[in-house]
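Undergrad: Fold the stuff below for me.
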Amino acid sequence: MQNKYKDLINQLQNDFSDLEILSDEPMSKHTTFKIGGPADIYVEPSIVQVVPLIKLLKKQAIPFMVIGNGSNLLVSDDGIEGVVISLAKPAADIQIDGTSITAEAGAMLSSVANQAAASGLTGLEFASGIPGSIGGAVYMNAGAYGGEIKDVLTSVTILTPEFDLVELTPEDLDLSYRHSSLMEKGGIVLSAKLELQLGDSQAIKAQIEDIRQQRINKQPLNFPSAGSTFKRPEGYFAGKLIDDAGLRGYTVGGAQVSNKHCGFVVNTGDATCADVLKLMSDVDDIVFDKFGVHLAPEVRIIGRNMD
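TA: Okay, the predicted model is just below:
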């Protein structure tokens, strides 16, 4: 860590006495890909700490990045400059009121779906196997098994780049396939409100279990990954294009196109970010040469020297 952050650490320790502050923290410990160099500073604040923390960083012109569960991230081998703010366990409260659920940004989708099932609420089963948080799910309009967050989302509380706390509707967010307006306009999801329907708890749990079994059968859950690596090209399926191009099992260093599901790039044990990026580039080139279709990353690529 550069010396310029030592004063910041002292100030954070004074202003946020109960906040654990980690320096030179490997991001490989905080992403499902198990890849990534060190963050200069890594913190997991509570929701109430987020606003004053970000105001302090902005005032001092300290670069920062907000992440969720790290399930859709590929982090540079050179790490991340400044402060990584992870909205994780301390920001994961879930409240159920009738058919409405309010969840803080760090709440895991699986936890929200399971609590909904226990309360006899249906509509979120599709998200039960997505290994991400509510905040990340809203940011990218996460979806699976025919459902998307926009199907059940009623409102989102965000912190704007101007430090305003505002409540937005799904229409305000311009939600579409793996996209929200937050990607262009900025803003940090603090909480989301979902509206579900009454259903039979046992039937809902059975559907969640069926989805769990489908994931076990079809996805390479025995290797670290960031889920689907490429977006679905219009009119095609990325995994099929990759398979038809003869790239099943294609390997660069420790990165590999999964033998189980070609839509996944997996870390076979010692993959670097550079390995994954080279593999993704090769796959895109070969698929384009064979089928005339480019594959855009679904995984979010962040960190030093990634611009």
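Undergrad: Ends of stretch 244-255, what's the gap?
TA: 19 Å (CA to CA, to the nearest Å).
Undergrad: and if you look at stretch 88-104?
TA: Note: stretch 88-104 ends 9 Å apart using CA to CA.
Undergrad: got a list of what the spatially closest residue to residue 69 that is not a sequence neighbour touches?
TA: In this structure, residue 69 finds its nearest non-sequential neighbour in residue 133, 4.6 Å apart by CB to CB, 6 or more residues apart in numbering. The C-beta positions use only the backbone N, C-alpha and C, and glycine is treated the same way. Residue 133 makes contact with 68-69, 71, 87-88, 92, 105-109, according to CB atoms under 8 Å, 6 or more residues apart in numbering.
Undergrad: and if we set it to 10 Å?
TA: 67-71, 86-88, 91-92, 103-112, 139, 142, 189 (CB atoms under 10 Å, 6 or more residues apart in numbering).
Undergrad: And for residue 127?
TA: Residue 127 makes contact with 108-110, 112-113, 116, 134, 137, 142-145, 147-149, 151-152, 194, 208, 211 under the criterion CB under 10 Å, 6+ apart.
Undergrad: Now, the residues you listed that are in helices?
TA: 109-110, 112-113, 116, 134, 137, 208, 211 (DSSP state H).
Undergrad: Could you save those as JSON lines and add columns showing neighbour count, pLDDT and distance to residue 75?
TA: Shown next, in JSON lines, are these (neighbours: other CB atoms under 10 Å; pLDDT from 0 to 100; distance: CB to CB, whole Å):
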{"residue": "109", "neighbour count": "26", "pLDDT": "94", "distance to residue 75": "21"}
{"residue": "110", "neighbour count": "19", "pLDDT": "93", "distance to residue 75": "22"}
{"residue": "112", "neighbour count": "27", "pLDDT": "96", "distance to residue 75": "25"}
{"residue": "113", "neighbour count": "25", "pLDDT": "95", "distance to residue 75": "27"}
{"residue": "116", "neighbour count": "28", "pLDDT": "97", "distance to residue 75": "31"}
{"residue": "134", "neighbour count": "34", "pLDDT": "96", "distance to residue 75": "21"}
{"residue": "137", "neighbour count": "29", "pLDDT": "93", "distance to residue 75": "19"}
{"residue": "208", "neighbour count": "21", "pLDDT": "95", "distance to residue 75": "30"}
{"residue": "211", "neighbour count": "19", "pLDDT": "93", "distance to residue 75": "28"}
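Undergrad: just these now: which is nearest residue 125?
TA: Proximity of the ones in helices among the contacts of residue 127 to residue 125 (CB to CB) peaks at residue 208, which lies at 5.4 Å.
Undergrad: Quick check: the gap between that closest one and residue 119.
TA: 13 Å (CB to CB, to the nearest Å).
Undergrad: Helices of the stretch 151-300 of the chain, start to end?
TA: Ranges of helices in the stretch 151-300 of the chain, per DSSP state H, counting those that start in this stretch, are 170-173, 182-185, 201-218, 238-244, 273-291.
Undergrad: what would the ones you listed look like in JSON lines with distance to residue 128?
TA: Shown next, in JSON lines, are the helices of the stretch 151-300 of the chain (distance: least, CB to CB, whole Å):
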{"stretch": "helix 170-173", "distance to residue 128": "20"}
{"stretch": "helix 182-185", "distance to residue 128": "24"}
{"stretch": "helix 201-218", "distance to residue 128": "4"}
{"stretch": "helix 238-244", "distance to residue 128": "21"}
{"stretch": "helix 273-291", "distance to residue 128": "27"}
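Undergrad: among those, which is nearest residue 48?
TA: Closest to residue 48 of the helices of the stretch 151-300 of the chain is helix 182-185 (CB to CB; 21.2 Å).
Undergrad: Send me the closest one as CSV with only the CA atoms.
TA: Presented in CSV, the C-alpha positions along helix 182-185 are these (Å, rounded to 0.1, in the frame of the first residue of the first chain):
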residue,chain,number,x,y,z
LEU,A,182,-26.7,2.9,-12.9
MET,A,183,-24.0,1.6,-15.2
GLU,A,184,-23.9,4.9,-17.0
LYS,A,185,-25.2,7.4,-14.5
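Undergrad: buried stuff in that helix?
TA: Neighbour-count burial for helix 182-185 flags residue 182 (criterion: 16 or more other CB atoms under 10 Å).
Undergrad: What number of residues are in the vicinity of the closest residue to residue 173 other than its chain neighbours?
TA: Using CB to CB, 6+ apart and skipping the chain neighbours, the partner closest in space to residue 173 is residue 180 (4.6 Å). Neighbours of residue 180 under the rule other CB atoms under 10 Å: 24.
Undergrad: That's all I had, so thanks and see you.
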